[in-house]
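Q: Requesting a structural model of the entry that follows:
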Amino acid sequence: MYIRYEVADKIATITLDRPEAANAQNSDLLDELDGAWTRAAQDPEVAVIVLRGEGKHFSAGHDLKDRWPSPQDITLEWIYQNESRRYLEYSLRWRNVPKPSIAAVQGRCIAGGLLLCWPCDLIVAADDALFSDPVVLMGIGGVEYHGHTWELGARKAKEILFTGRAVTATEAEQVGMVNTVVPRAELDEQTRALATRIAAMPSFGLRQAKRAVNQTLDVQGFYAAIQSVFDVHSTGHGNALSVNGFPILMALDEMKQKIE
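A: Numbering: from 1, shown residues only. Next comes the predicted model:
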């Protein structure tokens, strides 16, 4: 319903296909997306995975109106169980798929959108791409998958979290968060060319190269930090529920819905 999947020339292309909502992520979209990742991971004919978004924007993040209980029934336990599965576990699983992956990002990539592109091994950004995490507005210290410090460096991570401002594609390239910036009209073509070049490499060599880099990050503390900061994130939800209540979630969602 929300995901397109196709394989050609050893490349699996997964497309977020909810452009009318700027590819906002409801539960069904995320479950379908996880299924597509699993399908690509298990297909021996697939050497490289490309993740892209249909339409003007890559992803406006989580759809906060999706399957939420009534305000009086929202509990921290419900939020923790739901987010640990669809946000933290899914993102880590995609990150650890033993095949190279490339995210092609255009337009807005907001909050939960980062949980889709950061697990990918490479990111090709259109020159109009803007990456942001305004979750501090909810009284929470950032999205569930804390890639910020690893992707941006400590001070730049603090800056975008403290201010809520967007990081441009050029800035993201300068700090190493994205691999290359291309004209918007060339995003799919350039991403496909990169995927084709990688797909021509020996599959076992690619698998081992990915494992070497990911395992080095894990030895440096990446995995433990991701798990730990998820709990920090969850204390923010507890505070938002006790102090601000459910309406602030709706306010953030309304802000995101104003994206053109």
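Q: Quick check: closest non-adjacent residue to Tyr80.
A: Nearest residue to Tyr80, sequence neighbours excluded (Cβ to Cβ, 6 or more residues apart in numbering): Ser234, at 5.3 Å. Where you see a C-beta, it was placed from the backbone N, CA and C, and this is true even at glycine.
Q: Thought Trp78 was touching that neighbour, still the case?
A: No: taking contacts as Cβ atoms under 8 Å, Ser234 lies outside contact range of Trp78: 11.4 Å.
Q: Looking at those two, which is more packed in?
A: Neighbours were counted for Ser234 and for Trp78 using other Cβ atoms under 10 Å; Ser234 has more, 19 against 13.
Q: list the buried ones in the helix or strand hosting that one?
A: Using DSSP states H and E, Ser234 sits in helix 222-239. Neighbour-count burial for helix 222-239, counted by 16 or more other Cβ atoms under 10 Å, picks out Phe222, Tyr223, Ala225, Ile226, Val229, Phe230, His233, Ser234, Gly236, His237.
Q: Find the residue closest to the last one in space, skipping its chain neighbours.
A: Meaning His237. Ile79 (5.0 Å).
Q: helix or strand for the one you found, which one?
A: For Ile79, the host element (DSSP H and E) is helix 76-83.
Q: Surely Gly142 is in a strand?
A: No: under the criterion used here (DSSP: H, G, I helix; E, B strand; the rest coil), Gly142 is coil, not part of a strand.
Q: Roughly how far does Pro19 sit from His57?
A: Distance of Pro19 to His57, given as Cβ to Cβ, to the nearest Å: 8 Å.
Q: Looking at these two, which has the bigger crowd around it?
A: His57 (25 against 13).
Q: Now do the contacts for the more buried one.
A: Listed by Cβ atoms under 8 Å, 6 or more residues apart in numbering, the contact partners of His57 are Pro19, Ala22, Asn23, Gln106, Gly107, Arg108, Cys109, Ile259.
Q: Kindly indicate the member of those with the most neighbours.
A: Cys109 leads the contacts of His57 on contacts (other Cβ under 10 Å) with 32 neighbours.
Q: neighbouring contacts of whichever strand or helix holds that one?
A: If you go by DSSP H and E, Cys109 is part of strand 108-110. The contact list for strand 108-110, computed with Cβ under 8 Å, 6+ apart, reads 22, 57-61, 116-117, 129-134, 166, 256, 259.
Q: Give me the neighbour count for Val167.
A: Around Val167 there are 22 other residues, counting by other Cβ under 10 Å.
Q: which residues does it bridge with?
A: In this entry, Val167 is beta-bridged to Phe131, by DSSP bridges.
Q: I'd like the distance between it and Ser91.
A: In terms of Cβ to Cβ, Val167 sits 19 Å off from Ser91.
Q: which residues of the stretch 51-200 of the chain score low on pLDDT?
A: The stretch 51-200 of the chain contains residues with pLDDT under 70 at 67-72.
Q: what residues are up against Asp28?
A: Asp28 makes contacts with Met1, Tyr2, as judged by Cβ under 8 Å, 6+ apart.
Q: can you tell me which helix or strand it belongs to?
A: Assigned by DSSP H and E, Asp28 belongs to helix 27-42.
Q: What strands flank the next helix or strand after that helix, and is each parallel or antiparallel?
A: Next in sequence after helix 27-42, counting helices and strands by DSSP H and E, comes strand 48-53. Partners of strand 48-53 in the sheet, by DSSP bridges, are strand 11-16 (parallel), strand 101-105 (parallel).
Q: could you dump the ones you listed to JSON lines with distance to Glu32 and mean neighbour count?
A: As requested, those are exported to JSON lines (distance: least, Cβ to Cβ, whole Å; neighbours: other Cβ atoms under 10 Å):
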{"stretch": "strand 11-16", "distance to Glu32": "9", "mean neighbour count": "23"}
{"stretch": "strand 101-105", "distance to Glu32": "17", "mean neighbour count": "26"}
